[in-house]
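Colleague: A structural model of the following input is requested.
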Amino acid sequence: MFEEFERLRLKVNGEEIRLVRGGSGPPLLLLHGHPQTHAIWHKMAGTLAREFTVVATDLRGYGDSGKPRGLADHSNYAKRVMAQDQVDVMSVLGYARFRVLAHDRGARVAHRMAVDHPERVLKLVTLDIAPTLAMYEQTNLELATRYFHWFFLTRPFPFPETLIAADPELYLKHTMESRSAGLAPFSPEAYAEYTRCILDPRTVHGICEDYRASAGIDLDHDRADRAQGRKVGCPMLVLWGAQGVVGNVVDPLAEWNRVAKDVRGTSLDCGHYMPEEAPEAVLAEALPFLR
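Modeller: Okay, the predicted model is just below:
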């Protein structure tokens, strides 16, 4: 995977961020979700690199990026901090302004980035999420069942870490096959990467801290945005899987219109893991918008 991309590690914002970079043209930042790494983009990166300089990173706590021990208030895994990591990466690489294509947890980081750094983000594409605050406020039985990890991973240390450590590969398999067309969409090479990383106890802790922050300090930041009228200002494309959970819990376009000024989007015929389940469909929607 990513054979023609260069591999870099950059120390930014107190942590090392691992990334690959390739292609030419305007800079495009790709951010992955849980429980994965930048490898989710391997089916799309080559096409994107024909038109953009593609930067695909591992988020703090994931992959081969830094995995600090969580603070008591989980603030070092707040999306504000994780977004700063990515902005700093792009600064070090020399990109003052850039486009963002992001899935799942990475899309939550990108949402915060677009609000906190409006001068940096030119366009934003999110894949299969609705705003975090809306999702928690409108939780129903389907979300609580199919997104059980949203609640399990937020339990205090070391409870979820200990249970996942008993069989991390089972956690990975159950989580991924239950939110897609089984495991069929995932190439052996990519799935091997996800397995390698979940076997690291530091990754498990980083994942838990990411979710603990989302159920706490991130909601504080989102409520402050709502109270102050702060919104995503750049053009935004919202895509979600018709066979997934998000569109059955909330109205994604309606919720994004509450927190962003310029939103369009649609569902695609797939489940949650859109970059690997439906890469061509994602590209068909995202490329014209990103151009």
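
Colleague: for the stretch 101-250 of the chain, which segments count as strands?
Modeller: Ranges of strands in the stretch 101-250 of the chain, per DSSP state E, counting those that start in this stretch, are 121-127, 236-241.

Colleague: if we ignore the residues flanking it in sequence, what's nearest the most centrally placed residue in the chain?
Modeller: The chain has Gly106 as the residue nearest its centroid, 1.7 Å off, counting by CA atoms, centre = their mean. Leaving aside its sequence neighbours, Gly106 sits nearest to Leu31 (CB to CB, 6 or more residues apart in numbering; 2.8 Å). The way it works is simple: take the backbone N, C-alpha and C, and place the C-beta from them, glycine included.

Colleague: measure Ala254 to Pro279 for me?
Modeller: Separation of Ala254 from Pro279 (CB to CB, to the nearest Å): 27 Å.

Colleague: looking at those two, which one has more neighbours?
Modeller: The neighbour count for Ala254 versus Pro279, taken as other CB atoms under 10 Å, is higher for Pro279 (19 against 11).

Colleague: pLDDT at that one, what is it?
Modeller: Predicted confidence (pLDDT) for Pro279: 98.

Colleague: ok, and the closest non-adjacent residue to it?
Modeller: Excluding the flanking residues, the one nearest Pro279 by CB to CB, 6+ apart is Lys43, at 4.1 Å.

Colleague: got the contact list for that neighbour?
Modeller: 187, 275-276, 279 (CB atoms under 8 Å, 6 or more residues apart in numbering).

Colleague: cool, Arg226 as well?
Modeller: Counting by CB under 8 Å, 6+ apart, Arg226 touches 133, 259.

Colleague: how about the secondary structure of Leu30?
Modeller: Secondary structure, DSSP: H, G, I helix; E, B strand; the rest coil: Leu30 is strand.

Colleague: number of residues surrounding it?
Modeller: For Leu30, the neighbour count with other CB under 10 Å is 26.

Colleague: now the one 5 residues further on
Modeller: Summarising burial for Pro35: neighbours were counted as other CB under 10 Å, giving 23.

Colleague: the helices in the stretch 51-200 of the chain, which residues?
Modeller: 79-92, 105-116, 132-137, 141-146, 149-152, 159-166, 168-177, 188-198 (DSSP state H, counting those that start in this stretch).

Colleague: now the shortest one, how far from the chain's geometric center?
Modeller: The reference is to helix 149-152. 16 Å (CA atoms, centre = their mean, to the nearest Å).

Colleague: can you list the buried residues in it?
Modeller: By neighbour count on 16 or more other CB atoms under 10 Å, the buried set for helix 149-152 is 149-150.
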